[in-house]
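Engineer: only geometry, no sequence info:
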């Protein structure tokens, strides 16, 4: 497993970017659960953020691709609006324990 951060560094409704083994990742906490995705829009294969750790739309309820405006559900990564509607972000396995948040080995 790869350590990402202490649990306290990812608050409810917050998203953060990480890099592990040259892979860009997005971690988001939604309803107390940490979800982890590759930071790669299925439409063009580019990162979602426009500034570091800026992944959420203005309502804070969806992940948003800054380049094309695609919107993704926090808990599934499914694209619900934009050029990749019906596709999804690549979900990764997150593990949270007393030490913090981890990316589980593939």
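Structural biologist: Here it is on my side, so go on. What you see is a predicted model; the values in this text were computed from it and never measured.

Engineer: now do the strands in this structure.
Structural biologist: Secondary structure of the chain (DSSP state E): strands at 2-5, 15-20, 23-30, 33-38, 62-64, 71-73, 79-81, 91-92, 94-97, 100-103.

Engineer: give me the pLDDT value at residue 21.
Structural biologist: The pLDDT attached to residue 21 in the predicted structure is 89.

Engineer: for residue 30, the count of nearby residues, please.
Structural biologist: 16 (other C-beta atoms under 10 Å). (Each C-beta comes from the backbone N, C-alpha and C, glycine too.)

Engineer: do residue 55 as well
Structural biologist: When neighbours are counted by other C-beta under 10 Å, residue 55 registers 26.

Engineer: name the nearest residue to it, sequence neighbours excluded.
Structural biologist: Closest residue to residue 55 apart from its sequence neighbours, by C-beta to C-beta, 6 or more residues apart in numbering: residue 15 at 4.0 Å.

Engineer: which residues of the protein score low on pLDDT?
Structural biologist: Per-residue confidence for the chain (pLDDT under 70) gives these ranges: 106.

Engineer: need the contact list for the residue nearest the centre of the chain.
Structural biologist: Per C-alpha atoms, centre = their mean, the C-alpha nearest to the average position across the chain is that of residue 26, at 3.0 Å. When contacts are counted by C-beta atoms under 8 Å, 6 or more residues apart in numbering, residue 26 touches 15-18, 36-39, 48, 55, 63, 89.

Engineer: tell me the bridge partners for it.
Structural biologist: Residue 26 has the following beta-bridge partners by DSSP bridges: residue 17, residue 37.

Engineer: surely residue 28 touches residue 55?
Structural biologist: Yes. Between residue 28 and residue 55 there is a contact at 7.1 Å, judged by C-beta atoms under 8 Å.
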